[in-house]
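Student: Sequence and predicted structure are below.
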Amino acid sequence: EEYAKIGINLELHYATISDIIARTFGNYNQSTYEGGGYDALLIERGQGFDPDAVRVYYHSDGWPPNGGNIAFYTDGRLDRLMDAAAEETNFTRRKELYWEINEMVREAMIDNWLYYPKITMLTKKSILNVTPFVDLRSAENWTVEGKTRADNVTVVFAQGGEIDALNPLFMGSGYAARPLFLVLGGAVIRWSTNGTLIKGVITDHYEFSPDYMNVTFYLKKGIKWHDGYNFTAWDIKCYYDALLDPETGSWGTYSAQSWLKNVTVVDNYTVTFQLVKKMAPNLVLVQLSYEEGYMPYHILKDVPHKDWKTHWTNTERAIGYGPFKWYEWKKGEYLVLKANPDYIGGEPFIDNLVVRVIPDSSTAYAALKSGDVDVLSAWYGFTSLAKEAEEDPDLRVYTSLVTGVTALFLNNLHPQLSNKYVRYALAYATPRD
């Protein structure tokens, strides 16, 4: 209604995720909606945990298929600023650069930011210490009211999608990453429950070289794979060697090659990452934090990288060093994990964690209310039901902000939207009550 007042006729079209991806990231011809692309798109996007995330959306080298610049925006000045900020090691100067970048992005009105969304997890009243920000990853900290460690505690978690791979190199969705994080055990750097970067459970400490071209991690001793073998620096190198090798067939190889040159084992508990170019320390740590865990050198050392995708460690049973051990998996239905008593971070309170696949959100909500499920994934998007759930004496609502923004993406190559002042008009006309 508001857009009509300024002479813009807005037609709403609902689309599936696959259709959205095809019309944006798959829009190699930069087409408008009529040509198979898009004109404007209302969707939530991730901002990442470093301001360099703006590169994905606004740098001219990020046009699909190389990145997420689905606005098809180009500005050489902005590119140069983003390049400089990514390499700046002085925190104060880097902050100044990103403020300048932010001002340029807002002045160009490349897209229309609306609000910062919240995510919600609904649970039984008895489930405590749940963190929506990390979803199922926080299960190692969950407790159950009225239960003790002497009880055989079982918690059932529901999510909307299936696990598509067991090796992080081939995972195509968060539905695999979340439960597998609990098995694999995490990276040398991880995210705390409040969204800050902290050293991984497996890390004793780390240090950057004076020229910021290398970062060395010193690992804790005594970490065990679930089959009893020691976790060492060779496991980390084994994983990254495969990630950097195109023969592996990992979706992450192209990105990894852009920043990581090599991984060197100094000794069994010391590993060094050699960078392709100088990068801001926080940006390096963010890159390292994205891994759900590493793969066992003692199992895969003689397996050609091209065969990793069909190896049993990716198709049948996951093995890790995390808080939970793999127990039983029925594809498309459920996964059962058992607490790892030897976990370096301490044995979880929950003895048995069952991950059920319930695609339909209404069915999942009904299962929670009936008692068949204890926790629902934040990915169901139950924020609209939070008030109703809060009034239910048997349920608990956990809510937190996310590092993202809900925005109206605009195709800057559209005949009308290419005009900055038309984009301004849309921004001013958008109601934000």
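Tutor: That came in fine, so what should we check first?

Student: So which residues of the stretch 1-150 of the chain form strands?
Tutor: Here the stretch 1-150 of the chain has its strands, by DSSP state E, counting those that start in this stretch, at 40-46, 112-115, 118-124, 127-128, 143-144.

Student: Those strands: which one's closest to A187?
Tutor: Closest to A187 of those is strand 40-46 (Cβ to Cβ; 18.0 Å). No exception for glycine: its C-beta is placed from N, CA and C like everyone else's.

Student: Tell me the buried residues in the closest one?
Tutor: A40, L41, E44, R45 (16 or more other Cβ atoms under 10 Å).

Student: Could you dump the residues you listed into TSV and include pLDDT and distance to F231?
Tutor: TSV is the format used below for the buried residues of strand 40-46 (pLDDT from 0 to 100; distance: Cβ to Cβ, whole Å):
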residue	pLDDT	distance to F231
A40	94	48
L41	92	43
E44	78	36
R45	77	35
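
Student: Looking at those, which is nearest S418?
Tutor: Distances from S418 to the buried residues of strand 40-46, taken by Cβ to Cβ, are shortest for A40, at 12.8 Å.

Student: Name all residues that make contact with that closest one.
Tutor: A40 is in contact with L408, F409, L410, N411, L417, L426, counting by Cβ atoms under 8 Å, 6 or more residues apart in numbering.

Student: same thing but 10 Å
Tutor: Contacts for A40 (Cβ atoms under 10 Å, 6 or more residues apart in numbering) come out as 8, 10, 32-33, 111-112, 408-411, 414, 417, 423, 426.

Student: Could you spell out the sheet neighbours of the helix or strand of the chain with the lowest mean pLDDT, each with its direction?
Tutor: When the helices and strands of the chain are scored by mean pLDDT, DSSP states H and E, strand 197-199 comes last with a mean of 78. In the sheet, strand 197-199 lines up against strand 189-191 (antiparallel) (DSSP bridges).

Student: so L169 sits in a helix?
Tutor: Yes. L169 sits within a helix when classified using DSSP: H, G, I helix; E, B strand; the rest coil.

Student: Ramachandran angles for the residue lying closest to it once chain neighbours are set aside?
Tutor: In space, and not counting its chain neighbours, L169 is closest to S250: 3.9 Å by Cβ to Cβ, 6 or more residues apart in numbering. For S250, the backbone dihedrals are phi -80, psi 140 (criterion: degrees, to the nearest 10).

Student: And S250, how far from I198?
Tutor: S250 sits 26 Å away from I198, going by Cβ to Cβ, to the nearest Å.

Student: do the same with L136
Tutor: Counting by Cβ to Cβ - L136 and I198 are separated by 19 Å.

Student: of those two, who's got more company?
Tutor: L136 (26 against 14; other Cβ atoms under 10 Å).

Student: Contacts only, for the residue nearest to that one when sequence neighbours are not counted.
Tutor: Spatial nearest neighbour of L136, chain neighbours left out: R178 (4.0 Å); criterion: Cβ to Cβ, 6+ apart. By Cβ under 10 Å, 6+ apart, R178 lies in contact with 134-139, 157, 159, 161, 163, 292, 355, 377-379.

Student: where exactly do the helices run in this structure?
Tutor: 2-5, 17-23, 54-58, 76-87, 91-108, 174-184, 233-244, 253-257, 281-289, 297-300, 312-315, 361-370, 386-390, 420-429 (DSSP state H).

Student: any idea of the mean pLDDT in the third one?
Tutor: Think helix 54-58. What helix 54-58 shows for mean pLDDT is 87.

Student: repeat for the fourth one
Tutor: Per-region confidence: helix 76-87 scores 95 on mean pLDDT.

Student: So which other helices or strands are in contact with it?
Tutor: helix 54-58, helix 91-108, helix 281-289 (3 or more Cβ pairs under 10 Å, 6 or more residues apart in numbering; DSSP states H and E).

Student: With respect to burial, which of the ones you listed scores highest?
Tutor: Highest mean neighbour count of the helices and strands packed on helix 76-87: helix 54-58, a mean of 21 (counted as mean count of other Cβ atoms under 10 Å).

Student: From the chain's centroid, how far away is it?
Tutor: Its chain's C-alpha centre and that of helix 54-58 lie 16 Å apart, by Cα atoms, centre = their mean, to the nearest Å.
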